[in-house]
Each structure stands twice: as C-alpha cells, then as structure tokens.
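> Below: sequence and its predicted model.
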Amino acid sequence: MKILVFDIGGTSIKHGICIDNQLGEVKETPTNAQLGGAHILEVVTSIIKEESDYDAIGISTAGQVNASEGFIIYANQNIPGYTGTQIRKELESLFHVPVMVENDVNAAAIGEAIYGAGKEYDSFLMLTYGTGVGGAVVQDRKVFHGSSFSASEFGAMITHSDVRLLGNDYFDGCYEKYASTTGLVKMAMEYDPSLDNGRKIFSHLDDPNVMEILDKWVDEIMLGLATLTHIYNPSCIILGGGIMVQPLIKEMINEKKNRFIMPSFAHVNLIPASLGNSAGLLGANFLASEYKESLK
C-alpha cells in the first residue's frame with residue numbers, strides 16, 4: 001500500500017511516501033503559519049498534485065482534531081484561521097482517496113506504538129517537550145480521544161497553583177509554561193540572555209549556574225510525570241521532543257524518579273521516544289492504512 005503522509009507543524013510541513021509501511025525520503029516545506037489555515041491547505045494540495053498512484057493520505061497536524069470527521073476543532077493564533085478547516089472533506093473531494101487526519105502528538109504516539117519505543121506496550125502515555133508540552137494516551141494501541149477529541153492536554157496541568165490563582169490566562173501556572181523547552185530557555189535567559197536556545201544551553205554545562213537551571217527544569221518535568229504516573233498507573237511513559245535526545249536529560253529523570261514517584265509505581269518506565277521526527281509521519285501512515293481498510 002502506498003500512503004502519502006504529512007506532518008504539519010508551526011515551522012515546517014514534512015511530507016513523504018510510505019510504501020508497505022516503509023517511509024522513504026522526507027522533504028520539508030516552510031509552513032509560513034502566519035499566512036493561515038487556507039495557505040497550509042494550498043501547500044498540502046500542491047504537494048499532493050505532484051504525486052500519483054497512491055492509495056490514501058495520512059495527515060498529522062498541530063491543533064485539536066476531530067479524527068472521526070477530519071477537521072480542525074481548534075488551533076491557536078500561531079496558525080490563524082486554521083480552526084474549522086475541513087481537511088478530509090477538501091482533500092477527498094479533490095483527490096478521491098481516503099484521507100485520515102489526526103493531532104500531531106496522537107499521531108506520533110501511534111507511530112511509537114506500532115513502529116517505535118512503544119512496540120512492547122499495549123497501553124502507555126506519551127509527552128512531547130518543545131515550544132509547549134503535548135500529550136497522548138494510548139490504550140490497546142488506539143488513541144484515547146475523550147468526549148470531544150480534546151483529551152490529554154497534559155500541558156494544561158496546574159503545577160504552580162499560586163500563579164494560576166493570580167493569573168488570567170488558562171495556562172498561567174501550568175505545566176507547559178515550566179516544563180517545555182520554552183520554559184527552560186526562559187529560565188536560562190534570565191541568567192544569561194545569550195542562552196536563547198537549547199543548543200547553547202547544553203554547550204554551557206560547564207557553568208555550575210547553568211547546570212543548576214537544568215536541574216530545576218528537570219524538577220519541573222518530574223512534577224508532571226509524577227502526577228500522570230499516579231493517576232494513570234501506565235506501563236510506561238514515552239518522552240518525545242528534540243531535547244529528549246540528550247542522554248543527560250534521560251539520566252537526570254531516572255535519578256529523580258524515586259524522589260517524585262511512589263515505590264509502588266517503580267515499575268513505570270520513563271523512556272525516550274525512538275522515531276524522532278518520523279513518528280508523526282509513521283503514525284499518519286498507520287492510521288490512513290487502517291482507515292482505508294475499514295472502508296472495504
């Protein structure tokens with residue numbers, strides 16, 4: 001089976017072709033998210049027009065997604081006008097093949113479940129750490145969507161109640177403000193304004209103050225992981241996002257695990273994702289293949 005797959009993010013649109021579950025060359029196109037949802041759909045459409053003889057289209061995308069009907073329930077102003085975009089309806093009418101659309105973290109979680117770090121687990125949680133914190137719950141190798149396709153907003157967990165009670169934004173005092181890569185960079189820049197990205201931070205770990213900042217940031221990560229572990233009692237939690245490829249972060253998380261998580265939950269594995277930037281594409285491939293088979 002030949003599936004065209006897309007991973008739509010705020011910075012770039014990745015796309016490739018999966019033939020019998022093997023992902024070929026991945027190409028990237030700038031999202032130009034400020035141009036809005038209609039522009040994104042135009043870019044995806046133009047890429048699809050260059051291909052032929054495919055069986056289905058799988059799309060992993062930023063935003064809250066009604067995966068049953070294939071449209072964007074909600075997207076923030078990082079992609080203006082994306083809310084309400086009928087991706088499946090538009091693409092199926094143009095190309096006459098099944099189109100499956102899923103939220104990017106959910107798609108990445110399915111990718112890890114079928115092809116990556118979650119292969120040994122029927123059920124698990126996944127979190128991704130980047131500009132924000134994304135989450136997904138996988139049960140019996142299927143995404144748990146909740147009552148309105150908006151489950152697993154783990155970034156909205158309140159970890160600093162004093163800040164939330166005084167704040168006006170829904171994310172004031174919430175997990176992603178502190179545990180995201182953005183949160184780490186903010187902490188580092190308060191110490192040294194030149195430390196404005198993760199790469200620079202990790203190149204200054206010989207500075208004890210930078211190491212202290214990193215240690216505090218991992219504490220913020222653990223606050224959320226401990227809460228989720230104690231609520232869900234999962235077999236494992238898969239940790240994704242570019243910063244999680246750093247061996248030091250994995251080491252620090254495992255060192256802190258016993259301090260944050262009760263001994264009766266010690267069996268819960270905290271493991272890094274293994275598919276990197278391919279997770280969403282591979283997840284979209286599996287979901288699109290499954291959707292096409294369901295239509296027979």
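Here it is on my side, so go on.

> got a list of contacts for stretch 168-179?
Here stretch 168-179 makes contact (CB atoms under 8 Å, 6 or more residues apart in numbering) with 129, 132-133, 154-167, 182-183, 217, 220-221, 223-224. The way it works is simple: take the backbone N, C-alpha and C, and place the C-beta from them, glycine included.

> switch to 10 Å and redo it
127, 129-135, 153-167, 182-184, 186-187, 216-225, 227-228 (CB atoms under 10 Å, 6 or more residues apart in numbering).

> can you tell me how far residue 58 sits from residue 47?
Distance, residue 58 to residue 47, using CB to CB, to the nearest Å: 13 Å.

> what do these two both touch?
Counting by CB under 10 Å, 6+ apart, the residues touching both residue 58 and residue 47 are 4, 6.

> which other helices and strands contact the helix or strand harbouring residue 29?
Element membership of residue 29, judged by DSSP states H and E, is strand 27-30. Helices and strands touching strand 27-30, by 3 or more CB pairs under 10 Å, 6 or more residues apart in numbering; DSSP states H and E, are strand 2-8, strand 12-19, helix 37-49.

> Take those and lay them out in JSON lines including distance to residue 197, mean pLDDT and mean neighbour count.
Converted to JSON lines, these look like this (distance: least, CB to CB, whole Å; pLDDT from 0 to 100; neighbours: other CB atoms under 10 Å):
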{"stretch": "strand 2-8", "distance to residue 197": "22", "mean pLDDT": "97", "mean neighbour count": "26"}
{"stretch": "strand 12-19", "distance to residue 197": "17", "mean pLDDT": "96", "mean neighbour count": "19"}
{"stretch": "helix 37-49", "distance to residue 197": "25", "mean pLDDT": "97", "mean neighbour count": "16"}
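
> Strands of the stretch 101-250 of the chain, start to end?
124-129, 133-139, 142-143, 236-240 (DSSP state E, counting those that start in this stretch).

> Would you point to the one among those that's packed deepest?
The highest average neighbour count among the strands of the stretch 101-250 of the chain, using mean count of other CB atoms under 10 Å, belongs to strand 124-129 at a mean of 27.

> Pairing partners for that one, with directions?
strand 133-139 (antiparallel), strand 236-240 (parallel) (DSSP bridges).

> can you list the ones you listed in CSV and add mean pLDDT and distance to residue 88?
CSV is the format used below for those (pLDDT from 0 to 100; distance: least, CB to CB, whole Å):
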stretch, mean pLDDT, distance to residue 88
strand 133-139, 96, 20
strand 236-240, 97, 25
